[in-house]
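# show me the folded form of this:
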Amino acid sequence: MDKPQTQKYAESLEKTIRNHHSLVKKALEDFQEMCRIVDPARHFPQEIVVDIREAYKAIQEKLKEIKSIELLLQGKYRQFYHRNSLRDRELGEIAFLAKNAYSKCEYTLLQIEAKRKKKEKERSEKEKAEKGEIPEAEGEGKETEGEEGASIKLD
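Numbering: from 1, shown residues only. I've put the predicted structure just below:
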């Protein structure tokens, strides 16, 4: 490629970075809003969990693509590349905010799942007690060690 074509290609790569940057900023805002919906105190649609994971993956893919284009510009087209430290900092912040929001959301989902399992277990134990199926009391039918180390069967 001659110089004008090379320069035009480098400029188109720079334009792609700018476009991806603006898309990622908008996607982050939408992503954070979806993450705010997930709250253990409120009911939320389960489909949003899938949407959140897909949005996070999309943000990460765009950030990787931006990084790859920057590396290409820095290597092969370095004479036409002008580093934009403000944009680089914003992209770093976007990556941090997305990861932070995703981690909080996943932690909240784990809490919700743990509460659900706990309630389910309590409900099943309550149902068993109502049916007359009394669970084994502690120590009943179990062997324990006595003072001299001998096993004693408790009934």
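
# and the closest residue to L97 other than its chain neighbours, what are its phi and psi?
Distances taken as CB to CB, 6 or more residues apart in numbering place L28 nearest to L97, at 6.2 Å, with adjacent residues excluded. Glycine gets a C-beta too; all of them are placed from N, C-alpha and C. When read as degrees, to the nearest 10, the backbone of L28 gives phi -60, psi -40.

# what residues are up against L28?
I59, I94, L97, A98 (CB atoms under 8 Å, 6 or more residues apart in numbering).

# just the strands in the protein please.
Secondary structure of the chain by DSSP state E: the strands cover 143-145, 151-153.

# look through the protein and tell me its longest helix.
Taking DSSP state H as the criterion, the chain has its longest helix at helix 85-131.

# against which helices or strands is it packed?
helix 3-37, helix 47-75 (3 or more CB pairs under 8 Å, 6 or more residues apart in numbering; DSSP states H and E).

# for G132, which of these is the nearest?
helix 47-75 (39.3 Å; CB to CB).

# same question for the closest one, mean pLDDT?
For helix 47-75, mean pLDDT rounds to 93.

# buried residues in that helix?
Within helix 47-75, the residues that count as buried by 16 or more other CB atoms under 10 Å are V49, I52, A55, Y56, I59, K62, L63, I66, I69, E70, L73.

# could you do stretch 82-97 as well?
L91, I94, A95.

# and for stretch 12-27?
By 16+ other CB under 10 Å, the buried positions in stretch 12-27 come out as L13, E14, I17, H20, H21, V24, A27.

# for E11, which non-adjacent residue is closest in space?
Spatially, and ignoring its direct neighbours in sequence, E11 is nearest to F80 (7.2 Å; CB to CB, 6+ apart).

# need the pLDDT of the residue positioned nearest the centre of the chain.
Note on the chain: the residue nearest the mean C-alpha position is Y102, at 3.5 Å, using CA atoms, centre = their mean. Y102 is assigned 94 on the pLDDT scale.

# distance check, the closest residue in space to it that isn't next to it in sequence against I37.
Nearest residue to Y102, sequence neighbours excluded (CB to CB, 6+ apart): Y56, at 4.7 Å. With distances taken as CB to CB, to the nearest Å, Y56 is found 14 Å from I37.

# of all the buried residues of helix 47-75, which comes closest to T6?
For these, the nearest to T6 is L73 (11.3 Å; CB to CB).
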